[in-house]
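Asks: Provided below for reference: sequence and predicted model.
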Amino acid sequence: MRPVVAALALAATTTAAAADPPPPVTAVTSVTSAGIDARPRGELIAAGLVESIDGVGGSRFELTRAEAGVDLALGAARSSVTIEAVRSAGPGSAVGVDGNSLVARWKHAAVGGRWRRGRIAGGFDLGLVADPWVATAPDYPMRTLGPTQAEALGLIAPSDLGITGQVALGDDLAVHLMVANGEGLTQRERNRGKTTTAVIVGQVPVALGGGVLGGRLYGRDGSVGPGAVRSHRLGGALTWRRAEAAVGVDGLRAWGVAERSDAEATVVTGWADVTVWRQLGLTTRLDRAAITGPADAVVTWRGQGAVWWALAPTARVAVAVSLERARATGAPIPGAAAATDATQALVLVQGALPGVH
C-alpha cells in the first residue's frame, strides 16, 4: 500500500454559539466517583417533513439522529463508548429485526491513554475508533440539516476497527493518525491490507474582524472488500468563526466508491450559520456531489435553508426547506445514490449534551 499523504490545514474551535455552543453552566457534564471521571454525551434530532420526490408527494416523521455515550478517565487511562439508533433493515433489504425496527448498535468502543508535557499532549485509542476526519469536527454546524456528504454517501465511515494516535501543540496544531481495517463499522476485515489515515489540524486568530480562522486536511490510503478495491481519499476544510457567526467550506475527493475501483467522487459543501437576534438564527448549506465511472455519472446539487430558535445553548428548533436536483448519464453506479429530484419542508428539533474529548 502506498503511504498516505496529508497536508496542513486549519480547524475551528467550538467557541461559536452559532455552531455547537458549549453546554450551559447548569448542565451536569461530569461525575466523579472513586477517582473515575465520567462525562456523558449524546444527541437527538427528530424531524417531521413533507416532500416531493420525482413528482410523488408524501410526508413522514423521522428520528434523524439518536446516540448516547460516555467518556471515562482514570488517571492517564481513557475509555469511550457510543451507542446509536439505526434501522435494522439496511438499504436494499426488506427484512430487519421485528420488521424494520430501530435498534441500537455500537458506534464507538475504545480504550487508550493520554499524556501531557507542558504544551505538548498526546494519546492513543484502540478498538472501534472514530475516523479522524469525523473526530476532528465533532461540532460540524450543518449536522442538523444532515450529515456531511462524505458520511451520507458512504465515502467515509464514522468509525472503524483499528488504532488511532494524536499529538497536539496546545490548541494551535494537532496531528491525528489511524491504522484500521478500512471496512467501517459494518464489516470485519475482508482483505490483507490495512488502511492508513492522517489529518493535520490547526487554527489561528484573526485580527481583522476577530474570531478564529481554521481548517483541516485529510488523507487516506486504503482498500475495502475481498478484492482489495482501492479506497483513497483527500479532503480539506476551511472555516471562520466568532461568537455570533460561522462560515465554512469543505471538500473531499475519493478514488474508489463502495466496492467499485473505477468509480470516483468529488463532494463540496459551503455553509453559513448566523445568530440574527438573541436566540433567533439562520442556517444555509449548499452541496454538490459528483460520482463518475468510465461510462456513467451522477451529479447532485442540494440547497438548504433554515430559520432556527435556540431553546438552550445546545438545543434548537428549526424550520427548513431543502431542494435537491440531480442528473445522470449511463447506467446507475452500484453503491451510489440514485439521481432524484426532491423538495422537502421540515420541522427539526435538535438537542445535544456535548462530551469532552
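Replies: Yep, that arrived.
Asks: CA atoms of stretch 59-68 as PDB?
Replies: The C-alpha trace of stretch 59-68 is given here as PDB (Å, rounded to 0.1, in the frame of the first residue of the first chain):
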ATOM      1  CA  SER A  59     -45.000  13.000   4.500                       C
ATOM      2  CA  ARG A  60     -43.400  11.300   7.400                       C
ATOM      3  CA  PHE A  61     -41.800  11.700  10.800                       C
ATOM      4  CA  GLU A  62     -38.100  10.700  11.400                       C
ATOM      5  CA  LEU A  63     -35.700  10.100  14.200                       C
ATOM      6  CA  THR A  64     -32.700  11.500  12.200                       C
ATOM      7  CA  ARG A  65     -30.100  11.000  14.900                       C
ATOM      8  CA  ALA A  66     -30.100   9.300  18.300                       C
ATOM      9  CA  GLU A  67     -26.900   8.500  20.100                       C
ATOM     10  CA  ALA A  68     -25.600   8.400  23.600                       C
END
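Asks: starting at the chain centroid, how far to that stretch?
Replies: 16 Å (C-alpha atoms, centre = their mean, to the nearest Å).
Asks: buried residues in it, which are they?
Replies: Within stretch 59-68, the residues scored as buried using 16 or more other C-beta atoms under 10 Å are 64-68. C-beta: built from backbone N, CA, C; applies to glycine.
Asks: mind checking which of these land in strands?
Replies: 64-68 (DSSP state E).
Asks: buried ones in stretch 256-271?
Replies: For stretch 256-271, using 16+ other C-beta under 10 Å, the buried residues are 256-261, 263-269, 271.
Asks: biggest separation within those, which pair?
Replies: Ser261 and Trp271 (31.4 Å; C-beta to C-beta).
Asks: what are the bridge partners for Gln304, then?
Replies: Arg285, Ser322 (DSSP bridges).
Asks: from here on, call the first residue 44.
Replies: From this message on, residue numbering opens at 44, which makes the last subject Gln347.
Asks: quick one: contacts for it?
Replies: 188-189, 326-330, 363-366 (C-beta atoms under 8 Å, 6 or more residues apart in numbering).
Asks: which of those residues lies closest to Gly118?
Replies: Nearest member of the contacts of Gln347 to Gly118, counting by C-beta to C-beta, is Gly189, at 39.2 Å.
Asks: what is the burial count for the closest one?
Replies: The number of residues packed near Gly189 is 19, by other C-beta atoms under 10 Å.
Asks: can you confirm Ala193 is in a helix?
Replies: Yes. Under DSSP: H, G, I helix; E, B strand; the rest coil, Ala193 sits within a helix.
Asks: now it: how far from Val362?
Replies: Distance, Ala193 to Val362, using C-beta to C-beta, to the nearest Å: 27 Å.
Asks: quick one: which of these two has more around it?
Replies: Comparing Ala193 with Val362 by other C-beta under 10 Å, the one with more neighbours is Ala193, at 25 against 13.
Asks: confirm for me that that one is in contact with Thr309.
Replies: No. Using C-beta atoms under 8 Å, Ala193 is not in contact with Thr309, being 10.8 Å away.
Asks: which neighbours do these two share?
Replies: Between them, Ala193 and Thr309 share the contacting residues 295, 297, judged by C-beta under 8 Å, 6+ apart.
Asks: give me the beta-bridge partners of Arg273?
Replies: Applying DSSP bridges, one finds that Arg273 bridges with Ser266.
Asks: only alpha carbons, please: show the strand or helix carrying Ala332 as PDB.
Replies: Using DSSP states H and E, Ala332 maps to strand 323-335. Provided in PDB are the C-alpha atoms of strand 323-335 (Å, rounded to 0.1, in the frame of the first residue of the first chain):
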ATOM      1  CA  LEU A 323     -33.000  33.600  16.500                       C
ATOM      2  CA  GLY A 324     -30.700  32.500  13.700                       C
ATOM      3  CA  LEU A 325     -30.300  31.400  10.100                       C
ATOM      4  CA  THR A 326     -28.500  28.400   8.600                       C
ATOM      5  CA  THR A 327     -27.800  27.800   4.900                       C
ATOM      6  CA  ARG A 328     -26.000  25.000   3.200                       C
ATOM      7  CA  LEU A 329     -25.100  24.200  -0.500                       C
ATOM      8  CA  ASP A 330     -23.900  20.700  -1.500                       C
ATOM      9  CA  ARG A 331     -22.500  19.400  -4.800                       C
ATOM     10  CA  ALA A 332     -21.700  15.700  -5.300                       C
ATOM     11  CA  ALA A 333     -20.400  14.100  -8.500                       C
ATOM     12  CA  ILE A 334     -19.800  10.300  -8.700                       C
ATOM     13  CA  THR A 335     -18.300   9.200 -12.000                       C
END
